[in-house]
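Asker: pasted the sequence and its predicted model underneath.
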Amino acid sequence: MTNVLLRYTNLVLATLFVLSLLSFILAYLFPGQPIENLTGLRLDELAEHQNSELKYAVDANIFVQYWHYMGELFAGNWGVSFSSGLPLIEDVSHYLPASIELSAYALFLSFFIGLPLGFLAALRHHKLTDYSLLSISLLGYSIPVFWLALILILFFSLQLGWFPLSGRISLLFEIPRATGFILIDILLSDSIDKTAAFTSALRHLILPTLSIAVVTTTLIIRITRRSVIKTLNSEFILAAYARGLTPRQVLMRHGVRNALIPILPLLAMQFPTLLTNAMIVESIFSWPGIGNWLIQAIYQQDYPAIRAGMLAVSTLVVIFTMSIDLTIRLTDPRRRRAERATT
Amino acid sequence: MNILEKHNIKHWVQTALILLASICLCACDGLLLSKTDPNGIVYCSEGSPANFNPQLDTSGTTVDASSHQIYDRLIDFDPITGDFVPALATSWLISNDGKTYTFQLRRKVSFHDTQTFTPTRFFNADDVLFSIDRWRLMTHPFHHISGGRYPYTDSLKLGDLITKVTRLNGYRVEITLNKPESSFLANLATDFAVILSAEYADKLISRNQKELIDHKPVGTGPYQLASFRQDRYIRYTKHPKYWRNIELTDKLIFDITPSSSLRLAKLITAECDAIALPAHSELEVIKQQDELVLDEKPGLNIGFWAFNTSKAPFNNPEVRRALGMAIDKNALIEAIYFNSAIVAKNIVPPTSWAFQSDVRPLSYNPIAAKKLLREQGIPENFSMTVWAMPVQRAYNPNATKMAELIQAYLQKVGIQVNIISYEWSTFRERLSQGIHDSVLIGWSADNGDPDNFYRPLLSCAAIESGTNRAMWCSQEYDLLINKALQYTDISERTYFYGQANELLAEQLPLIPIAHASRYQAHRKELQGLVINPYGGVRFGGVKKIQ
């Protein structure tokens, strides 16, 4: 147990080290002065902030510089954005929760729809239901996310006028910021009409969540279906029948759990895809998340922001994937390292 | 193997469907039909303002966000008639020699009570002195805050014009000029002549936070700034003690949406109540929507084709005339402005009193043009450049396309055209160096005074300040427009501007092409929003009916 924990911690630290190194090198690869790209201050502004050159030790050799860079990162001094002049750590912690929120709802929705449908397809294996579900999921999987998002906007926002097409909530609501997750913040706030604000937030959530969820749902359907079919063909299922259990008892007692266990790690691997899709969808729905913010930063050649945003997003992905992997490893002792590597 | 009985699955599916349907019904009821947003107006603007002080920035984005929302001026233009109307000054008096202006100030006008500042007194003469002295005096403690450049007042050299600003008593201010200038009052009524709070400035000095004056603004206007997030939104709340008795909503939001098609989409879905700058190509779409309103008004602007008169052969008026005859302005307007502009005759639009309808415009005549060019010694296959500005402006929505059309026209008279374009700031910088042969550009006026066209566009001094794109300097012209400024009587001024118009029609340093209309699109529920031909959008007095 301790061994496993140690090994994972090591792995996470090593990956994060490589990422931090990469972000540091980026400051040198981007056009302009490295010190500008690190601090976000222009040379003429730097003159006013004498100590930032000292902090980053620009005159020392590159290893010392990296050491100082890490020191600043941990101290929360990520530099400021070229375009807005705001501290990057503030921007990132403002926009990241919005992306996590969107991805989480999409993931939840995909589970909610994908798992039952996956089971249904497997149970009706080689039947019409199975084939139709399979073709629908193939269709869903092949639709480009941005195209789907635009079609949803065209139909549900512009034609029917049911849902708004941009933002997280009507700007007329002023939700005090506590957690960064809009639905939770609404519940925590007390000065506003909660029902109206909640409704507005939900109406804004539906289309972006749907556009992201479609791809993930189809994936979950396919993964679940395959896993259930494999499980139901196992010998222990046959043994359960032999013991005289009804089909329902067999499924509930032996099928579901055993089919779900191999699914979870596969789903964890979908998280980066999910986040990537979320970033694309964000920029279409003007969702104030990290993806939209990064794309703006790229347009405006805001190098400090690109550097910090890339580091924050990749750190999130690494930590999330690793922790799911770790949880599974700890809860399912059957799994060997070799097996994990294939997922 | 089939684990579940058929009817069992059917039962499941049925239950699931019923559940889903009921969820949908509840959700539809709650989500689709109830649109109980709080009371307020959302305006989709095109960009983030640089700051909240129009003294410092003449860009339309900054002006829209600050000028008529946060601040007031001493006097205003009536957006419909164009006359001066009292604002913070209740009355004003001009001395007989036209050099001294006395303003009587309004009493009991409150400044905003914000998070950073609580006013202890009403607006008075000190605030007027502070606001004018800030840009006028280099020694003023706030002159160098936020860059120390005041583009509007600097370009008109208003600081040199004013010799002193005196406080006669708490509610009376006297401004003395070193020579009479009849456009002075118009300059005080522009979006840039806003009144700041002197008391707030003193507070900021004592707190050593002078730079906040332009970022956490305090004014007397109908709305006060609540919060601003770059590239996302600006929130305003109602100024509860606003002096004008007009309709104000609790909240005013600028939803910053740079893409013009997205602005239109948000207008259609009612996420915005009004939008900035609808694109010319989208006007038809707006007209077709029943719940949208498109207002149109002739704009105070001019799109033109200027020749670099400091270069041969463009220093020859006959060559310029021939080139002007080679292009068909009507066709240009149809193709570029989608008929949302009128053909320009003078450099001032027909709504201005200096406009002269009897000036004969150049008529399209390629044969005569070709003949004239040969007479002036321009050989067949002569090559010249047309610079096309890279940005979209009301006065020229697509300069590149216009340049291509002109290229085709000039081909017919035996002239090869190279179209040149750079990124906008580089473009303007190289234009000021005078290396172009000709350029497609234009001008939007900031106030109703015709001087705002004549002086910046073609006077000798404007070559240096970088607005005279024709590089044209004529002593005769300068004399005429300066004479016009010495009189306050409009009929006398019209006489001099008429002379100037004739001189321009004869010399043709630039070919006026179009006066584009200004458009504003909003939803039907919004009432009271009028196009302000003299600049920024105003939300005081605008209301939303439910």
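Answerer: Structure's in. What do you need? Computed from a prediction, not measured in an experiment: that's the story for all the values here.
Asker: name the nearest residue to A:Trp78, sequence neighbours excluded.
Answerer: Closest residue in space to A:Trp78, ignoring its immediate chain neighbours: A:Leu88 at 4.1 Å, by CB to CB, 6 or more residues apart in numbering or on different chains. Bear in mind the C-beta positions are built from the backbone N, C-alpha and C, glycine included.
Asker: avg pLDDT for the longest strand seen in chain B?
Answerer: Counting by DSSP state E, the longest strand found in chain B is strand B:510-523. Strand B:510-523 carries an average pLDDT of 90.
Asker: mind giving me the packing neighbours of that strand?
Answerer: Under the contact definition 3 or more CB pairs under 8 Å, 6 or more residues apart in numbering or on different chains; DSSP states H and E, strand B:510-523 sits against helix B:260-268, strand B:274-275, strand B:292-298, strand B:301-307, helix B:317-325, helix B:329-337, strand B:341-343.
Asker: of these, which is nearest chain A?
Answerer: Nearest to chain A, of all the helices and strands packed on strand B:510-523, is helix B:260-268, at 5.9 Å by CB to the nearest CB.
Asker: is any part of the closest one close to chain A?
Answerer: Yes: applying CB under 8 Å from any CB of the partner chain, one finds helix B:260-268 touching chain A at B:262, B:265-266, B:268.
Asker: what is the orientation angle of the longest strand of chain B with strand B:292-298?
Answerer: Orientation note: strand B:510-523 sits at an angle of 150 degrees relative to strand B:292-298 (axes from the mean of the first three to the mean of the last three CA atoms, to 10 degrees).
Asker: just give the strands next to strand B:510-523 in its sheet, each with its orientation.
Answerer: Strand B:510-523 has the following strand partners under DSSP bridges: strand B:274-275 (antiparallel), strand B:292-298 (antiparallel), strand B:301-307 (antiparallel), strand B:341-343 (antiparallel).
Asker: for chain A, which residue occupies the most central location?
Answerer: For chain A, A:Leu275 is the residue whose C-alpha lies nearest the centre (CA atoms, centre = their mean; 3.5 Å).
Asker: excluding sequence neighbours, find me the nearest residue to that one.
Answerer: Leaving out its chain neighbours, the residue that sits closest to A:Leu275 by CB to CB, 6+ apart is A:Ser103, at 5.7 Å.
Asker: that neighbour contacts A:Ala278, correct?
Answerer: Yes: using CB atoms under 8 Å, A:Ser103 is in contact with A:Ala278, at 4.7 Å.
Asker: where do the contact lists of these two overlap?
Answerer: Shared contacts of A:Ser103 and A:Ala278 (CB atoms under 8 Å, 6 or more residues apart in numbering or on different chains): A:Ile212.
Asker: can you show me the helices along the stretch 101-250 of chain B?
Answerer: Along the stretch 101-250 of chain B, counting by DSSP state H, counting those that start in this stretch, helices occupy B:125-136, B:151-155, B:158-161, B:184-188, B:198-207.
Asker: mind putting these into CSV with mean pLDDT, distance to chain A and mean neighbour count?
Answerer: Conversion of the helices of the stretch 101-250 of chain B to CSV gives the following (pLDDT from 0 to 100; distance: least, CB to the nearest CB, whole Å; neighbours: other CB atoms under 10 Å in any protein chain shown):
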stretch, mean pLDDT, distance to chain A, mean neighbour count
helix B:125-136, 94, 23, 22
helix B:151-155, 80, 21, 18
helix B:158-161, 88, 26, 17
helix B:184-188, 89, 32, 21
helix B:198-207, 94, 19, 18
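Asker: what about B:Ser491, how many neighbours?
Answerer: The local packing of B:Ser491 (other CB atoms under 10 Å in any protein chain shown) involves 8 other residues.
Asker: ok and whichever helix or strand it is part of relative to strand B:510-523, angle-wise?
Answerer: Here B:Ser491 is covered by helix B:490-507, with elements defined by DSSP states H and E. Our comparison of helix B:490-507 with strand B:510-523, counting by the same axes, to 10 degrees, yields an angle of 120 degrees.
Asker: still on that earlier bit, tell me who's in contact with the residue nearest to A:Trp78.
Answerer: So A:Leu88 contacts A:40, A:78-81, A:304-305, A:308-309 (CB under 8 Å, 6+ apart).
Asker: any idea how far it is from chain B?
Answerer: Taking CB to the nearest CB, to the nearest Å as the measure, A:Leu88 falls 13 Å from chain B.
Asker: got TSV for the helices and strands packed on strand B:510-523, with mean neighbour count too?
Answerer: Shown next, in TSV, are the helices and strands packed on strand B:510-523 (neighbours: other CB atoms under 10 Å in any protein chain shown):
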stretch	mean neighbour count
helix B:260-268	21
strand B:274-275	26
strand B:292-298	16
strand B:301-307	26
helix B:317-325	22
helix B:329-337	18
strand B:341-343	18
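Asker: for B:Ile419, give the beta-bridge partners.
Answerer: Assigned bridge partners for B:Ile419, using DSSP bridges, are B:Val386.
Asker: pretty sure it is touching B:Leu405, no?
Answerer: No: counting by CB under 8 Å, B:Ile419 stays clear of B:Leu405, with 10.6 Å between them.
Asker: what about B:Ala470, which SS state?
Answerer: For B:Ala470, the assignment made with DSSP: H, G, I helix; E, B strand; the rest coil gives coil.
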